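Q: Show me the folded form of this:
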Amino acid sequence: MEEYHLKCIVTGPPFVGKSSLLLQFCEREFSVEMDTTIGVEFQTRSLNIGENKIKLEIWDTAGQESFRSITNNYYRGAHIALLCYDITKRQSFQHLSGWMEEIHQMSSPNIVVALIGNKCDVADKRVVTMDEGQKFANEHNIIFFETSAKDYSSVERVFEGVAKRVIDLIKSGALTVVNKKPQSIQLGQEQKPNQPTKKECCK
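A: Numbering: from 1, shown residues only. So this is what the prediction gives:
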């Protein structure tokens with residue numbers, strides 16, 4: 001079994017459920033009174049993807065403008081970026097283009113990016129449609145999921161999906177494997193854009 005150590009950054013506007021998403025994935029817990037992230041927070045979790053063992057090093061970044069100079073440093077060396085918004089807050093969706101620009105400026109061209117529309121458990125309060133989310137993802141050639149950090153809908157699928165995408169890039173030669181057990185990944189120079197996928201939603 002091959003072992004890989006991947007760095008994932010969770011980013012996006014404030015108060016969209018980034019920390020709750022990470023808490024559910026790493027600890028299978030949910031709290032309605034999550035503290036606001038100050039700067040960055042860090043967690044790890046391992047996954048098995050086919051014949052590969054993946055250790056994810058996940059950095060949860062604060063969305064407030066006052067922390068941007070700090071959190072921007074954490075894009076360096078990241079293999080995965082999860083760009084989150086709240087499907088019940090139109091403003092969080094409207095600002096995504098600026099966040100995408102930041103990802104492109106601060107990270108490798110081969111970083112795997114997934115757009116995450118969070119809080120799909122409160123569909124009656126939805127103001128951003130799935131079609132809008134998918135359209136944005138298609139325009140930027142990134143993966144798209146809708147999730148619920150509250151009831152765990154599609155949370156596992158997000159991290160499995162992006163980890164598998166990195167493995168696919170390694171197999172295709174877009175990313176270079178360095179070192180041994182655990183293996184780390186060096187971002188390649190050749191730009192091979194992420195392929196858009198079909199909609200992923202709550203199951």
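Q: any idea how far Val162 is from Lys135?
A: From Lys135 across to Val162, the span is 20 Å (C-beta to C-beta, to the nearest Å). Heads up, the C-betas are built off the backbone N, CA and C, glycines and all.
Q: ok, and the closest non-adjacent residue to Met100?
A: Nearest residue to Met100, sequence neighbours excluded (C-beta to C-beta, 6 or more residues apart in numbering): His140, at 5.6 Å.
Q: contacting residues around that neighbour?
A: 100, 113, 115 (C-beta atoms under 8 Å, 6 or more residues apart in numbering).
Q: Where do the helices of this protein begin and end?
A: Along the chain, counting by DSSP state H, helices occupy 18-27, 68-71, 90-94, 96-106, 130-140, 155-172.
Q: which one of those helices is the most hemmed in?
A: Most buried of the helices of the chain by mean neighbour count (mean count of other C-beta atoms under 10 Å) is helix 18-27; its value is a mean of 21.
Q: got the angle between that one and helix 155-172?
A: Inter-element angle recorded for helix 18-27 and helix 155-172: 80 degrees (by axes from the mean of the first three to the mean of the last three C-alpha atoms, to 10 degrees).
Q: Any idea which helix or strand in the chain has the lowest mean pLDDT?
A: Sorting the helices and strands of the chain by mean pLDDT, DSSP states H and E puts strand 183-187 at the bottom, at a mean of 56.
Q: what comes up buried for stretch 72-88?
A: For stretch 72-88, the buried set under the neighbour-count rule, 16 or more other C-beta atoms under 10 Å, comprises 74-75, 78-88.
Q: Same list, those residues, but as CSV with pLDDT please.
A: Shown next, in CSV, are the buried residues of stretch 72-88 (pLDDT from 0 to 100):
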residue, pLDDT
Tyr74, 77
Tyr75, 85
Ala78, 91
His79, 93
Ile80, 95
Ala81, 95
Leu82, 96
Leu83, 96
Cys84, 96
Tyr85, 97
Asp86, 97
Ile87, 97
Thr88, 97
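Q: among those residues, which two are most distant?
A: Farthest-apart pair in the buried residues of stretch 72-88 is His79 and Thr88; separation 29.9 Å (C-beta to C-beta).
Q: still on that earlier bit, looking at the buried residues of stretch 72-88, which is nearest Met1?
A: His79 (19.0 Å).
Q: unless I'm mixing things up, the closest one is touching Lys7, no?
A: Yes. His79 is within contact range of Lys7, at 5.5 Å (criterion: C-beta atoms under 8 Å).
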